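Trainee: A predicted structure for the sequence below; I have some questions about it.
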Amino acid sequence: MSKPQPKCFRIANVPSSWSPENLLNSLQKIDPLLAQTNIREYQLSLYPACCGSTQTALLNFRTCTEYFHGLNQNVDHYVKVTNAIDGDHLVIDSHFNNLTPLNTPEEEVVADVVAVTGHAGHAFESWRSHETQLMWLKDFLPKDVKNIRIMTYGYDSNFGGYKNTGARLNDYRRNFIQQLQNSRSSESAMIFCISESAYHIPGA
C-alpha cells in the first residue's frame, strides 16, 4: 500500500446550525481513527456554501487516515449522519468540481473572486505550495482583503481520450455560468476570475 499523502477533502451539505465542533464529532463517528489523530495532523475549516443555506467544510490532512485515504477521489461519497438535512447526509469528495468556498467574508461583499483551474489541474491542490502545503487563496488572501468572497471552480480538465473537446468545453462554460448565477452574493458585487495557468505559485 502506498504511503498516504497530504490531501484536502471537501464536505458539503453541512447544516447551517453546526459549528466546527459539531462537524468534527460527526466525522469522528464516521472515522473513529480521526478521534485518535493528533490535531496538528489536520485542519478543519467551515464556510457558508456558495449557494443555498448549508455550509461547506474543508478537511485538510497532513497525513490521511486510512478511511479518507481509501475514498475514491473521482466520486461523491454520501455519508448518513444525525441531524443533517437534505436526506440526512454529508457529501464528501476530493475532486472539488464546481464551486467551493474558501472564506467567510468579514465585511459586506463587494466582489466575488473565482479561481479557475487550468488544463489537467485541480481546483484546490493546484493552488497551494508543495513545500509549505499552504493555499494562498484560503490561507493568505482573506487576511489581506476582508470584503471579498473567495471560491474555486473545478471541472474534469483532463481532456485525454475525448474526441469532441469543443463540445465538452461548451458544456463546462454553460455550467460555470449557471454556477456563478446561482451563487451571486449580491447583484452589485463584481466578479473577478483568476486563471491558474496565469499564476505561478512559489514553491509549487
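Mentor: Received, thanks.

Trainee: Report how many residues lie close to the nearest residue to residue 105 once chain neighbours are set aside.
Mentor: Closest residue to residue 105 apart from its sequence neighbours, by Cβ to Cβ, 6 or more residues apart in numbering: residue 149 at 5.2 Å. Using the backbone N, CA and C atoms, a C-beta is placed for each residue, glycine as well. By other Cβ atoms under 10 Å, 24 other residues sit near residue 149.

Trainee: Now do the contacts for residue 149.
Mentor: Residues near residue 149 by Cβ atoms under 8 Å, 6 or more residues apart in numbering: 101, 103, 105, 109, 111, 112, 113, 185, 189.

Trainee: one more time with 6 Å
Mentor: Remark: with contacts taken as Cβ atoms under 6 Å, 6 or more residues apart in numbering, residue 149 is in contact with 105, 109, 112, 185.

Trainee: so which strand or helix has it?
Mentor: Per DSSP states H and E, residue 149 falls inside strand 148-154.

Trainee: Following the chain past that strand, name the next helix or strand.
Mentor: On the C-terminal side of strand 148-154, the nearest following helix or strand under DSSP H and E is helix 165-183.

Trainee: how distant is that next one from the center of its chain?
Mentor: 18 Å (Cα atoms, centre = their mean, to the nearest Å).

Trainee: Mind checking what helix or strand follows that helix in sequence?
Mentor: Counting by DSSP H and E, what follows helix 165-183 is strand 190-195.

Trainee: Break down the protein into its strands, ranges please.
Mentor: 7-14, 42-48, 55-61, 77-80, 89-93, 98-101, 111-116, 148-154, 190-195 (DSSP state E).

Trainee: Redo the ones you listed as JSON lines? Include mean pLDDT and distance to residue 33.
Mentor: Compiled in JSON lines, the strands of the chain are given as follows (pLDDT from 0 to 100; distance: least, Cβ to Cβ, whole Å):
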{"stretch": "strand 7-14", "mean pLDDT": "95", "distance to residue 33": "14"}
{"stretch": "strand 42-48", "mean pLDDT": "96", "distance to residue 33": "11"}
{"stretch": "strand 55-61", "mean pLDDT": "96", "distance to residue 33": "11"}
{"stretch": "strand 77-80", "mean pLDDT": "93", "distance to residue 33": "15"}
{"stretch": "strand 89-93", "mean pLDDT": "95", "distance to residue 33": "15"}
{"stretch": "strand 98-101", "mean pLDDT": "96", "distance to residue 33": "25"}
{"stretch": "strand 111-116", "mean pLDDT": "92", "distance to residue 33": "32"}
{"stretch": "strand 148-154", "mean pLDDT": "94", "distance to residue 33": "27"}
{"stretch": "strand 190-195", "mean pLDDT": "85", "distance to residue 33": "36"}
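
Trainee: For residue 179, which of these is the nearest?
Mentor: strand 98-101 (5.1 Å; Cβ to Cβ).

Trainee: Averaged over its residues, which helix or strand of this structure has the lowest pLDDT?
Mentor: helix 165-183 (a mean of 82; mean pLDDT, DSSP states H and E).

Trainee: buried sites along it?
Mentor: 176, 179, 180, 183 (16 or more other Cβ atoms under 10 Å).
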